[in-house]
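K.L.:
3D, please:
(2 chains)
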Amino acid sequence: MSRDDFDVQGFARDINELLILSTLRTRAKHGYQVALDVETESNGLFRFRHGTLYPILHRLEEEGLIKGSWSKEGGRRRKVYKLTGTGERHLSGETDRVQEIVSRLMLVLRRPGEAPA
Amino acid sequence: MSAHGSGAFAQVLREVGSGLTVPLPARVHILRELAYDLEALSERFAADGLPLDEARRRASEALVPDAGALHALERVHAPAYKRFTAHVSSTQGSRCFRRVADTGPRAQLLGCPLLPGGFGEPYRQVISSAH
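P.N.:
Next comes the predicted model:
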């Protein structure tokens, strides 16, 4: 990652994508289950509200990072998503990248302050 | 169940559908997915002890796309030509028009993929030989 690559808004969007990919690591889930699990696993820190989940799910599906499939449950059709191999590799690489960014940020934030003049 | 749903969420699904400008197959899939999730999540909330109305309200709040989410869905599901033209106008297009503004010769215009004859060495040759 070069210094020029980083932008805060893009980082926030990336975090949402990674949260979804991460919660799909364990098993296939449908949309509302993804939203509930992200909220539960983060102790309420991250929440998808107002349908913001769906554009992310659909974009990840289009990029081949997750795969959606339709099934029937109790006469109702539902869409279930699972992580693909490409998605797993992406998640692993991006997790390293996020860790690096957070580490750099913490270095800056925890740097001892200069004494006031 | 139809894409618009037959249950308690039929009205909200109709509203989402009317605000969604995407090709029909994508619209049907989006509404069908939303219909299932709304019903399943509200059932889940109700099973946790919430009154049914409150369960439905909370499910809607979580899942029904607002204007921003609808717009994002439209971007994801826009037909290929729309995405292409959007991409060109945000990248090559601006470069082309800058080039044209800078120099303006006919050869530059023909090199611009946004204009008739763009990408067209053959056109250039025809015009050159005509002069």
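
K.L.:
give the contact list for B:P79.
P.N.:
Residues in contact with B:P79 (Cβ atoms under 8 Å, 6 or more residues apart in numbering or on different chains) are B:P23. Bear in mind the C-beta positions are built from the backbone N, C-alpha and C, glycine included.

K.L.:
look up how far B:R44 lies from it.
P.N.:
As for B:P79, its distance to B:R44 is 35 Å (criterion: Cβ to Cβ, to the nearest Å).

K.L.:
same check on A:L57?
P.N.:
Remark: distance between A:L57 and B:R44 (Cβ to Cβ) = 18 Å.

K.L.:
between these two, who's got more neighbours?
P.N.:
The neighbour count for A:L57 versus B:R44, taken as other Cβ atoms under 10 Å in any protein chain shown, is higher for A:L57 (25 against 16).

K.L.:
and A:V34, which helix or strand is it part of?
P.N.:
helix A:31-41 (DSSP states H and E).

K.L.:
that helix close to chain B?
P.N.:
Yes - using Cβ under 8 Å from any Cβ of the partner chain, a contact is recorded between helix A:31-41 and chain B, made by A:31-32, A:35-36.

K.L.:
which among those residues gets closest to A:R104?
P.N.:
A:A35 (30.3 Å; Cβ to Cβ).

K.L.:
count the residues that sit near the residue of chain A at minimum distance from chain B.
P.N.:
Relative to chain B, the nearest point of chain A is A:G51 (3.0 Å; Cβ to the nearest Cβ). Residues lying near A:G51 (other Cβ under 10 Å) number 25.

K.L.:
excluding its backbone neighbours, what's nearest it?
P.N.:
The spatially closest residue to A:G51, leaving aside those adjacent along the chain, is B:P65, at 3.0 Å (Cβ to Cβ, 6 or more residues apart in numbering or on different chains).

K.L.:
re earlier: in whichever helix or strand comes after the helix holding A:V34, which residues are buried?
P.N.:
Using DSSP H and E, the helix or strand that directly follows helix A:31-41 along the chain is helix A:53-62. Applying a neighbour-count criterion of 16 or more other Cβ atoms under 10 Å in any protein chain shown, one finds A:53-61 buried in helix A:53-62.

K.L.:
what does chain B put close to chain A?
P.N.:
Counting by Cβ under 8 Å from any Cβ, chain B sits next to chain A at B:1, B:29-30, B:32-41, B:44, B:59, B:61-66, B:68-70, B:72-73, B:75-77.

K.L.:
in strands, which of those fall?
P.N.:
Using DSSP state E, the subset of these located in strands is empty.

K.L.:
how about residues contacting the helix holding A:V34?
P.N.:
So helix A:31-41 is contacted by A:19-20, A:22-24, A:29, A:46-48, A:53-54, A:57, A:79, A:81, B:33-34, B:37-38, B:40-41, B:44, B:59, B:62-63 (Cβ under 8 Å, 6+ apart).
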